[in-house]
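Novice: With the sequence up front, the predicted model follows.
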Amino acid sequence: MTKIMAHRGASGLYPENTILAFEKAAEMGADAIETDVHLSKDGKLVICHDESVLRTTGFDGLVCEMTYSELSKLDAGFLKGHPGQRLPLLEDLLRIAAENDMGVNIELKNNVFAYAGMEEKVIAALYDYGLEKRCILSSFNHRSMHRAKEIDPKIPVGLLYSCDLYEAQQYAKSCGADALHPQYGSVNAGMVQRAQEAGVAVNVWTVNTCKVIDDMLFAGVDNIITNYPDLVRERMR
């Protein structure tokens, strides 16, 4: 049964990666929430997609060069007309997920800045909130995912990519990964079948139109990562 991961929360309708977007995703019946994590200057796990906060807050600065006290004063809600939303910490999302019996897909944004120790911090936070069995870590930095498996083999990891990987399931197994996280354009039923037969899940991003939703459901992917969890739920009925 395909499940729904809300991409940065219900980001199609609400400001991405905010408490509001996460709460709305829960209301829409998403099975899990996908989000993005950086480390602030003072070592806090801050939720933000870009390395810079400019696009989402209007302030020109890098997450890694600001303390969380500074970051928390920014308004992350102006893009979709919901001002007053702050940049959350990972623990804020984990609390919402735990309270709503949801899973989490945490993308470690460490493919530009290395963020030493990020894997350990994220894994520790998952255990703090009892989400170690309802989670998956993901990254475009596949070495990071290999490190995460070395730190804790029980934590599932997925490999993000946007190309057409040859024998993707074999590559995933060679990295010790539990899942492939491809852009939807490289996904078809045959690819999904080969991966699943090898014990590798396929969680596809970012699926936002009826046609692509239907195509991914037909292909039998494990998770659809979408900005519109309500639309996917509707197509599944």
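Specialist: Yep, that arrived.
Novice: Quick check, pLDDT for Leu79.
Specialist: If you check Leu79, the pLDDT there is 80.
Novice: what about it, how many neighbours?
Specialist: 18 (other Cβ atoms under 10 Å). Placement of C-beta: from N, CA and C, glycine included.
Novice: And Asp101, by the same measure?
Specialist: There are 9 residues near Asp101, going by other Cβ under 10 Å.
Novice: how much space between Ser174 and Glu167?
Specialist: Taking Cβ to Cβ, to the nearest Å as the measure, Ser174 falls 10 Å from Glu167.
Novice: Could you do Thr18 as well?
Specialist: Counting by Cβ to Cβ, the gap from Thr18 to Glu167 is 39 Å.
Novice: which one of the two has more residues nearby?
Specialist: Between Thr18 and Glu167, counting by other Cβ under 10 Å, Thr18 is the more crowded of the two (28 against 13).
Novice: wait, what's in contact with the closest residue to the more buried one other than its chain neighbours?
Specialist: Setting aside the residues directly before and after it, Thr18 is nearest to Gln85 in space (Cβ to Cβ, 6 or more residues apart in numbering), at 4.0 Å. By Cβ atoms under 8 Å, 6 or more residues apart in numbering, the contact set of Gln85 is 15, 18-20, 75-77.
Novice: Wasn't Gln85 part of a strand?
Specialist: No. Counting by DSSP: H, G, I helix; E, B strand; the rest coil, Gln85 is not found in a strand; it is coil.
Novice: all strands of this protein, in order?
Specialist: For the chain, the strands defined by DSSP state E cover 3-7, 32-39, 45-47, 103-108, 135-139, 157-161, 179-182, 201-204, 223-226.
Novice: measure the residue nearest the centre of the chain to Cys135 for me?
Specialist: Centroid check for the chain by Cα atoms, centre = their mean gives Glu34 as the closest residue, at 3.0 Å. Note on Glu34: its distance to Cys135, by Cβ to Cβ, is 11 Å.
Novice: residues near Thr57, how many?
Specialist: 23.
Novice: Also Leu13?
Specialist: Here the count is done by other Cβ under 10 Å, and Leu13 has 17 residues near it.
Novice: who touches it in this structure?
Specialist: Contacts for Leu13 (Cβ under 8 Å, 6+ apart) come out as 24, 80, 228.
Novice: of all those, which comes closest to Leu159?
Specialist: Tyr228 (24.4 Å; Cβ to Cβ).
Novice: nearest spatial neighbour of that closest one, skipping sequence neighbours?
Specialist: In space, and not counting its chain neighbours, Tyr228 is closest to Gly12: 4.4 Å by Cβ to Cβ, 6+ apart.
Novice: For the one you found, give me its contacts.
Specialist: Counting by Cβ under 8 Å, 6+ apart, Gly12 makes contact with 208, 226-228, 231.
Novice: Show me the helices in this protein, by range?
Specialist: 19-27, 54-57, 68-71, 90-99, 118-128, 142-151, 168-175, 189-197, 210-219, 229-236 (DSSP state H).
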